[in-house]
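S.K.: return a 3D structure for these sequence lines:
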Amino acid sequence: MENKMKMLAALTCLTGLTSCGGKQEVKESRPNIIYFLVDDMGFGDLSMCGQKSFKTPNIDRLAADGMFFTNHYTGTTVSGPSRACLMTGKHTGHTSVRGNQPGPQILRDDEATLALVLKEAGYATAVIGKWGIGHPVPLDDPQKKGFELSYGYLNMWHAHNCYPEFLYRNGVKEELPGNKLRLDGDGNNPWADMPEGTGVARQDARALYAPDLFEREALRFMEANRQKPFFLYYSLNLPHANNEAAPLGCETPGFDADIAAKDWPEVEKGFAQMMRIIDRQVGEIVAKLEELGLAENTVFMFASDNGPHQEGGHKMEFFDSNSLLRGMKRDMYEGGVRTPFIVKWPAQVQAGSRSNLLSAFWDVLPTFCDLAGVDTPEGVDGISLMPTLTGNGTHQQLHKYLYFEFYEEGGKQAVVSDNWKYVKLNVRQGKGTKPVRAELYNLADDRGEHVNVADRHPEIVKMMEGYVTEGHSPFPVVSLLEMDGKSTDMSHD
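M.R.: Here you go, the predicted model:
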């Protein structure tokens, strides 16, 4: 702890926010932290990454003013377990949430989380938008995990609906009277057997668009806590589709004139509009920081929870959302688990900088601990990115490997080590399953994972198999490596 506080004091001096020479007193000035997480955005959905059909100028500017991590990975390839990795600093071989289903699986109350470590360090903490970690989710789960304010969706199926009949504030349901569920011809709820809140709303002049409510709440939180360090986990449920609203699942309040004029399917206009809403909100939150005089010493992070989706009628290829990468959401290929990661921190991070450091969601918690000047909890898999962020890359700890696992679609595992990527498919063995398939790719010259070179490098395969064994720990809810004769529902988000 003493070393952490010394480092924090040194960083404070470097920021120029206080005078650190002569007889003047050194005052601690810990940064505010905003982590802006979007839902199902692909690497190719940003104009800075090659998107041509629509522009994301505010996100592009965020990167121009900060650091762009070009080699950053999500927690895994679907929402719930990926967010669990982010919250706990653990990869999916160790998390208490390994999938969206089956239940029960939720974060343990005794686990350290981003919010708990920052709350204990004196930060105001809020999660606004989608929680969606595990199933079934207790109404007070975000509060138990350290968030003083939670507003939005609790379960992930509810978060499909951008016009929900209600949202939750600190575990208490708040009705949105203008939003009414679309019933069938007999007046029944077609989604009554699904988790609470699932469905499609009727949209009329009174309907309220949840992402608009989230932004309003976020701006209020920032203003209310301008005099103390705060952590805002802004978890927007865009550009995820409302799967239940297919074939028009990309729900928006309408289209900007230029998008409306495009000769695109309606659902793709909706997707482009969702990306524009995300970009506008990034710009408006940054503008609020500047208005409050907080921009200089606020760490603003931006990422997606997994790769691009193909749901609700949207076709991932329409906008080439995975760019040069192979695969999408639910794949262990790069398109499913890599995300653009941007960090803006004017007081410390060099504008326009880039890093190819191998990093992942589980590195965020140790980084936050360094930002707050507290010790990193034991048992995490992550490393702090602070040396890279502050230009001290020679002191940066490195990962030996990154490990991923996924329990759906026959069971999948993956390892990234240096420039090598190892993918195992069909690992959940049982009657009628396909044989296990192992693939090895050299990402240095094959980022698109086109050529399986496993047969050419048996020594690398052996090393990767060792990492797979080391990375996986048994999970009591469901087995990854064998079916045990059980029929398990692994239906997904």
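S.K.: tally of neighbours for residue 469?
M.R.: A count of neighbours around residue 469, defined by other C-beta atoms under 10 Å, yields 9. Backbone N, C-alpha and C define where each C-beta goes, glycine included.
S.K.: ok, now the one 10 residues further on?
M.R.: Residue 479: 17 surrounding residues under other C-beta under 10 Å.
S.K.: from residue 102, how far out is it?
M.R.: Distance, residue 479 to residue 102, using C-beta to C-beta, to the nearest Å: 12 Å.
S.K.: mind listing the helices for the stretch 251-400 of the chain?
M.R.: 257-260, 266-291, 334-337, 364-372, 386-389 (DSSP state H, counting those that start in this stretch).
S.K.: buried sites along the last one?
M.R.: By neighbour count, and taking 16 or more other C-beta atoms under 10 Å as the criterion, the buried residues in helix 386-389 are 386, 387, 388, 389.
S.K.: how about the second one?
M.R.: Of the residues in helix 266-291, 267-279, 281-283, 285-286, 288-289 count as buried by neighbour count, 16+ other C-beta under 10 Å.
S.K.: ditto for stretch 176-194
M.R.: So for stretch 176-194, counting by 16+ other C-beta under 10 Å, buried means 176, 179, 181, 190, 191.
S.K.: what comes into contact with it?
M.R.: Applying C-beta atoms under 8 Å, 6 or more residues apart in numbering, the contact partners of stretch 176-194 are 157, 163-167, 198-202, 204, 206-208, 244.
S.K.: mind redoing it with 10 Å?
M.R.: Contacts to stretch 176-194, defined as C-beta atoms under 10 Å, 6 or more residues apart in numbering, come from residues 155, 157-158, 160-167, 197-210, 213, 244-245.
S.K.: I'd like to know which of these are buried.
M.R.: Among those, the ones that count as buried by 16+ other C-beta under 10 Å are 155, 157-158, 160-167, 197-201, 203, 208-210, 213, 244-245.
S.K.: any idea how far the closest residue to residue 351 other than its chain neighbours is from residue 149?
M.R.: In space, and not counting its chain neighbours, residue 351 is closest to residue 65: 5.0 Å by C-beta to C-beta, 6 or more residues apart in numbering. According to C-beta to C-beta, residue 65 stands 27 Å off from residue 149.
S.K.: that older thread, which one of the helices of the stretch 251-400 of the chain lies nearest to residue 301?
M.R.: Among the helices of the stretch 251-400 of the chain, the nearest to residue 301 by C-beta to C-beta is helix 364-372 (7.5 Å).
S.K.: am I right that residue 226 is in contact with residue 295?
M.R.: No. With contact defined as C-beta atoms under 10 Å, residue 226 does not reach residue 295; the gap is 11.7 Å.
S.K.: what touches both of the two?
M.R.: 32, 288, 289.
S.K.: for the closest residue to residue 149 other than its chain neighbours, give me the pLDDT.
M.R.: Using C-beta to C-beta, 6+ apart and skipping the chain neighbours, the partner closest in space to residue 149 is residue 126 (4.0 Å). As predicted, residue 126 sits at a pLDDT of 98.
S.K.: same check on the one 4 residues further on?
M.R.: According to the prediction, residue 130 has pLDDT 98.
S.K.: for it, name its beta-bridge partners.
M.R.: residue 153 (DSSP bridges).
S.K.: quick one: residues contacting it.
M.R.: Per C-beta under 10 Å, 6+ apart, neighbours of residue 130: 37-39, 79, 83, 152-156, 158-160, 210, 214, 234-238, 240, 305.
S.K.: go through those and flag which are in strands.
M.R.: 37, 38, 152, 153, 234, 235 (DSSP state E).
S.K.: the second one: how many residues sit nearby?
M.R.: In this case it means residue 38. Neighbours around residue 38, by other C-beta under 10 Å: 27.
S.K.: show the contacting residues for the nearest residue in space to it that is not next to it in sequence.
M.R.: Nearest residue to residue 38 in three dimensions, chain neighbours excluded: residue 304, at 5.0 Å (C-beta to C-beta, 6+ apart). Residue 304 makes contact with 36-43, 45-46, 74, 82, 239, 278, 329, 338-341, according to C-beta under 10 Å, 6+ apart.
S.K.: how close does residue 304 get to residue 72?
M.R.: 10 Å.
S.K.: which single one of the ones in strands among the contacts of residue 130 is nearest to residue 324?
M.R.: residue 38 (20.2 Å).
S.K.: my guess is that closest one contacts residue 45. True?
M.R.: Yes. Residue 38 lies in contact with residue 45 (C-beta under 10 Å); the separation is 8.9 Å.
S.K.: what is in contact with those two at once?
M.R.: 59, 239, 274, 275, 278, 304, 340.
S.K.: which members of those residues are the farthest-apart pair?
M.R.: 274 and 340 (16.2 Å).
S.K.: roughly how far apart are residue 105 and residue 139?
M.R.: For residue 105, the distance to residue 139 (C-beta to C-beta) stands at 17 Å.
S.K.: on that earlier part again, in strands only, show me the contacts of stretch 176-194.
M.R.: 166, 167, 201, 202.
S.K.: which ones are touching the last one?
M.R.: Right, residue 202. 163, 178, 179, 180, 181, 182, 183.
S.K.: please, which helix or strand holds the last one?
M.R.: Taking DSSP states H and E as the criterion, no element holds residue 183; it sits outside all helices and strands.
S.K.: OK, contacts around the nearest residue to residue 37 once chain neighbours are set aside?
M.R.: The shortest distance from residue 37 to any non-neighbouring residue, by C-beta to C-beta, 6+ apart, is to residue 235 (4.8 Å). Counting by C-beta under 10 Å, 6+ apart, residue 235 touches 35-39, 79, 83, 86, 127-133, 152-153, 159, 214, 305.
S.K.: distance of residue 321 from residue 239?
M.R.: Note on residue 321: its distance to residue 239, by C-beta to C-beta, is 9 Å.
S.K.: what do these two both touch?
M.R.: Common neighbours of residue 321 and residue 239 (C-beta under 10 Å, 6+ apart) are 40, 41, 42, 45, 271, 275, 308, 309, 314.
S.K.: the first one: neighbour count?
M.R.: Around residue 40 there are 28 other residues, counting by other C-beta under 10 Å.
S.K.: residue 378 is in contact with residue 112, isn't it?
M.R.: Yes. Using C-beta under 10 Å, residue 378 is in contact with residue 112, at 8.6 Å.
S.K.: which of these two has more neighbours?
M.R.: Per other C-beta under 10 Å, whichever of residue 378 and residue 112 has more neighbours is residue 112, with 21 against 6.
S.K.: against residue 131, how distant is the closest residue in space to the more buried one that isn't next to it in sequence?
M.R.: Distances taken as C-beta to C-beta, 6+ apart put residue 377 closest to residue 112, at 3.8 Å, once the chain neighbours are dropped. For residue 377, the distance to residue 131 equals 21 Å [C-beta to C-beta].
S.K.: the more surrounded of these two?
M.R.: residue 131 (27 against 16).
S.K.: ok, the more buried one - contacts?
M.R.: Residue 131 touches 80, 83, 87, 137, 141-142, 145, 147, 150-156, 158-159, 168, 233, 235, counting by C-beta under 10 Å, 6+ apart.
S.K.: just for the protein, where's the confidence low?
M.R.: 1-28, 430-432, 482-493 (pLDDT under 70).
S.K.: no further questions, thank you.
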